[in-house]
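[1] Predicted model, plus sequence, below.
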Amino acid sequence: MEFKTLKFEEIEVGIGCLTLNRPERLNALSLEMLAELHSFLNLIKTRLEIRVLILTGEGRGFCSGFDLKDERLQKEAARFLSNPGLHLTAVQKKYGDLVVEMRKIPQPIIAAVNGPAAGGGMCLALASDVILAGPKAAFTPSFINIGLSGGEMGTTYFLPRLVGSTRAAEILMTGRTVDAAEAEKIGLVCRAVPEGRLVSEALEVARRMIGKTPLGLRFTKEAMYLNADATLEAAVELENRNQSICCSAPEFLKAVAAFQKR
């Protein structure tokens with residue numbers, strides 16, 4: 001996979017690493033990066049040999065969000081901003097759809113947040129399945145700071161589920177920054193990681209995941225995504241289906257045998 005604004009490599013068998021690669025702009029989300037992220041997600045969902053994906057940023061930032069200095073956007077700003085319908089289809093939905101696609105791909109995503117994650121960058125982290133924060137990680141929902149709604153790219157969906165509704169309201173309505181220590185304390189991230197340990201910690205989590213059966217891992221992510229707003233009955237029904245399918249897979253008996261030998 002060759003991209004201009006992204007780097008991808010299979011760093012170990014079954015574990016891929018996607019790096020946002022615009023370090024001179026703190027990996028801001030330009031329209032070019034947006035298009036490449038959509039292309040990448042469309043490709044990776046068919047690459048089932050890649051079982052876990054680590055997402056991080058090049059340089060000192062994770063992602064500083066929407067690139068307000070994007071030359072292509074500036075050229076077309078007047079056209080987009082004067083027509084809400086055009087803006088919705090040409091820009092807004094393309095950003096918003098990213099987080100839906102991230103949740104739909106079969107691979108669990110581990111966000112290794114190495115620095116500032118502002119605006120859309122915070123959203124990319126929130127849409128990941130596991131979030132690890134380095135000591136310089138900082139989460140800023142900056143939309144409301146530039147006159148927009150604090151609800152963007154799933155923030156009003158993800159954040160209350162992670163930190164609770166009142167705490168999410170305070171963060172989204174003030175646009176303040178949450179550092180790594182606070183993020184761990186309030187449950188915004190899985191855990192804060194010491195200096196120099198972020199990538200190795202993300203790899204350790206990924207290795208534990210790929211030690212599970214491919215079907216079991218994939219169905220776990222799918223069930224968590226689909227059951228986020230399901231009734232109990234619907235959630236259990238989906239889980240029942242998944243378990244019956246997993247029981248018929250050849251890896252099941254091997255996994256049981258391996259577990260019993262512990």
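    Nice, I can see it.
[2] tell me which residues in stretch 250-262 are buried?
    252, 255 (16 or more other C-beta atoms under 10 Å). C-beta coordinates here come from the backbone N, C-alpha and C atoms, glycine included.
[3] my bad, should have said stretch 228-248
    Those would be 235, 238, 242, 246, for stretch 228-248 by 16+ other C-beta under 10 Å.
[4] Flag the least confident of these.
    Confidence by pLDDT is poorest for C246 among the buried residues of stretch 228-248, given 87.
[5] secondary structure element for that residue?
    In the assignment (DSSP states H and E), C246 maps to helix 232-247.
[6] Now do that helix: which elements does it pack against?
    If contacts are counted by 3 or more C-beta pairs under 8 Å, 6 or more residues apart in numbering; DSSP states H and E, helix 232-247 sits against helix 214-226.
[7] in the helix it packs on, what's buried?
    Buried residues in helix 214-226 (16+ other C-beta under 10 Å): 215-221, 223.
[8] what's the offset of it from the middle of its chain?
    On the basis of C-alpha atoms, centre = their mean, to the nearest Å, helix 214-226 sits 15 Å off its chain's mean C-alpha point.
[9] Run through who's touching that helix.
    Helix 214-226 has contacts (C-beta atoms under 8 Å, 6 or more residues apart in numbering) with 48, 51-52, 103-104, 106-108, 129, 209-210, 235, 238-239, 242, 245-246, 249, 251, 255.
[10] would you list the buried residues of helix 214-226 in TSV and tack on distance to T5?
    Shown next, in TSV, are those (distance: C-beta to C-beta, whole Å):
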residue	distance to T5
L215	33
G216	34
L217	29
R218	28
F219	32
T220	31
K221	26
A223	32
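[11] Show me what counts as buried in stretch 171-188.
    171-172, 175, 177-180, 182-184, 188.
[12] that older thread, pull the most distant pair out of the buried residues of stretch 228-248.
    Across these, no pair lies farther apart than A235 and C246, at 16.4 Å, counting by C-beta to C-beta.
[13] re the thing from before, among the buried residues of stretch 171-188, which one sits closest to G196?
    Distances from G196 to the buried residues of stretch 171-188, taken by C-beta to C-beta, are shortest for A180, at 13.9 Å.
[14] Quick check, the closest one in contact with A125.
    No - in this structure, A180 is not within contact of A125 by C-beta atoms under 8 Å, at 11.7 Å.
[15] Pretty sure I131 sits in a helix.
    No - judged by DSSP: H, G, I helix; E, B strand; the rest coil, I131 forms no part of a helix; its state is strand.
[16] who's in contact with it?
    110-111, 113, 125, 188-190.
[17] Show me what counts as buried in the helix or strand containing R207.
    R207 is located in helix 198-210, with elements delineated by DSSP H and E. Within helix 198-210, the residues that count as buried by 16+ other C-beta under 10 Å are 198-199, 201-203, 205-206, 209-210.
[18] Alright, that wraps it up for me.
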